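Participant: Please work out how this folds:
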Amino acid sequence: MAAGALHRAQPAGWARELDVFARAFSGAFLFGIPLLYTQETWLIALSLDAVQLLLLLALTFVASLALARVSGFRNDAKAHRFTSDLEQAVEALAVGAVGSLVILVALARLGPEDPPERWLAMIALQTVPLAIGASLGNAFLSDSGSRLGDERGGPRSSWRALGTDVAATAFGAFFLCFNIAPTEEVRLLAADLGLGHLVGLIVLGLLIGYAIVFEAEFVGIGSRRAQKGPFQQPVTETALAYCVSLAVAGAILLLLGRIELGDPLRDVVAQTIVLGLPATIGGAAGRLVV
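Facilitator: Below is the predicted model of the structure:
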């Protein structure tokens, strides 16, 4: 069979645009989530004036433009045209701004009672790492045209695939959230979040985990879609991976002494859910590379 016949048909129109932006947002969250959990960036944003923030965004635009020349998040025939590079750089900034808005609202760092200048300052600063992440995602993790039956040797048995996915999820979750778990930000965020925000974080974690693994067209998507078994379907795998990520987040908090068995249940659950978002993103990244 010709190699080209193994490529999945490329989606057209709106479906293709959704794939493009799923890849961009996934890259943004994969590479930019740690700074969204950093109190210093929240405070620095409020100390910078408009000129400083605009200069940071200008530098981010230049960096995104350069990355677009190398490997943007669009894989199409226009990839080497300067107008397309400009378009991708603008889109990377837009993805960073929307992504930072969603996370900051979900973490209750921004609310309706905050003045417009606080919204603009915090979103502008957090746009920087997410926009770069949107541009980096394709360069490091692109599948360059998903193939059914890729370099990993084709579909594995369902139980072997399940064990591999659980181990990779746990490793990725541990790697990313261990950098965040020791900080005071987790406890601070958990104390400020109400039930609505906690439920929102759960939904957001499930959506991002699903998008990274099954919609972003990153490496290994062909073999992953070919896997069979009750836990290798997108919905069940996403749910299971989220539970594994929560378990890893809770275990790390417990081992580091950030929570204790005698603590109020609400505090334990809230901190675990707060750390569960980066854990889920890390777990999804772990599954991409196995």
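Participant: Now for residue 97: which residues touch it?
Facilitator: 123, 124, 127, 130, 131 (C-beta atoms under 8 Å, 6 or more residues apart in numbering). Quick note: C-beta positions are derived from backbone N, CA and C, even for glycine.
Participant: try 6 Å this time
Facilitator: 123, 127 (C-beta atoms under 6 Å, 6 or more residues apart in numbering).
Participant: and if you look at the one 10 residues further on?
Facilitator: Applying C-beta under 6 Å, 6+ apart, one finds that residue 107 lies in contact with residue 189.
Participant: go on, residue 30?
Facilitator: residue 285.
Participant: In which helix or strand does it reside?
Facilitator: Assigned by DSSP states H and E, residue 30 falls within helix 13-36.
Participant: tell me the average confidence for that helix?
Facilitator: When pLDDT is averaged along helix 13-36, the result is 82.
Participant: got the buried residues for that helix?
Facilitator: Going by neighbour count (16 or more other C-beta atoms under 10 Å), the buried part of helix 13-36 is 19-36.
Participant: For the next helix-or-strand element following that helix, which helices and strands make contact with it?
Facilitator: Counting by DSSP H and E, the next helix or strand C-terminal to helix 13-36 is helix 39-47. The contact analysis (3 or more C-beta pairs under 6 Å, 6 or more residues apart in numbering; DSSP states H and E) places helix 39-47 against helix 116-141.
Participant: could you redo the last one with a cut-off of 10 Å?
Facilitator: helix 13-36, helix 50-71, helix 116-141, helix 184-192 (3 or more C-beta pairs under 10 Å, 6 or more residues apart in numbering; DSSP states H and E).
Participant: Next, the angle from the third one to helix 39-47.
Facilitator: Right, the one you point to is helix 116-141. 130 degrees (axes from the mean of the first three to the mean of the last three C-alpha atoms, to 10 degrees).
Participant: Output the helix or strand just after helix 116-141 as PDB, restricted to C-alpha atoms.
Facilitator: Counting by DSSP H and E, the next helix or strand C-terminal to helix 116-141 is helix 158-177. Extracted in PDB, the C-alpha atoms of helix 158-177 (Å, rounded to 0.1, in the frame of the first residue of the first chain):
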ATOM      1  CA  SER A 158      -6.000  -3.900  25.400                       C
ATOM      2  CA  TRP A 159      -4.600  -4.800  28.700                       C
ATOM      3  CA  ARG A 160      -1.100  -3.900  27.800                       C
ATOM      4  CA  ALA A 161      -2.300  -0.600  26.400                       C
ATOM      5  CA  LEU A 162      -4.200   0.000  29.600                       C
ATOM      6  CA  GLY A 163      -1.200  -0.600  31.800                       C
ATOM      7  CA  THR A 164       1.000   1.500  29.600                       C
ATOM      8  CA  ASP A 165      -1.500   4.400  29.600                       C
ATOM      9  CA  VAL A 166      -1.900   4.300  33.400                       C
ATOM     10  CA  ALA A 167       1.900   4.300  34.000                       C
ATOM     11  CA  ALA A 168       2.500   7.000  31.400                       C
ATOM     12  CA  THR A 169      -0.300   9.100  32.900                       C
ATOM     13  CA  ALA A 170       1.000   8.700  36.400                       C
ATOM     14  CA  PHE A 171       4.600   9.600  35.300                       C
ATOM     15  CA  GLY A 172       3.500  12.700  33.400                       C
ATOM     16  CA  ALA A 173       1.200  13.900  36.200                       C
ATOM     17  CA  PHE A 174       4.000  13.400  38.700                       C
ATOM     18  CA  PHE A 175       6.600  15.200  36.600                       C
ATOM     19  CA  LEU A 176       4.500  18.300  36.000                       C
ATOM     20  CA  CYS A 177       2.600  18.800  39.300                       C
END
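Participant: Can I get stretch 32-50 in PDB, CA atoms only?
Facilitator: What follows is stretch 32-50 as a C-alpha-only set of coordinates in PDB (Å, rounded to 0.1, in the frame of the first residue of the first chain):
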ATOM      1  CA  GLY A  32       2.500  27.400  29.900                       C
ATOM      2  CA  ILE A  33       0.400  26.000  32.800                       C
ATOM      3  CA  PRO A  34       3.100  26.300  35.500                       C
ATOM      4  CA  LEU A  35       3.300  30.100  35.300                       C
ATOM      5  CA  LEU A  36      -0.500  30.300  35.600                       C
ATOM      6  CA  TYR A  37      -0.100  28.800  39.100                       C
ATOM      7  CA  THR A  38       2.600  31.200  40.100                       C
ATOM      8  CA  GLN A  39       1.700  34.000  42.600                       C
ATOM      9  CA  GLU A  40       4.600  36.100  41.500                       C
ATOM     10  CA  THR A  41       3.200  36.400  38.000                       C
ATOM     11  CA  TRP A  42      -0.100  37.500  39.300                       C
ATOM     12  CA  LEU A  43       1.600  40.200  41.400                       C
ATOM     13  CA  ILE A  44       4.000  41.300  38.700                       C
ATOM     14  CA  ALA A  45       1.200  41.800  36.200                       C
ATOM     15  CA  LEU A  46      -0.300  44.400  38.500                       C
ATOM     16  CA  SER A  47       3.000  46.200  38.900                       C
ATOM     17  CA  LEU A  48       3.700  46.700  35.200                       C
ATOM     18  CA  ASP A  49       2.500  49.700  33.300                       C
ATOM     19  CA  ALA A  50       0.900  49.600  29.900                       C
END
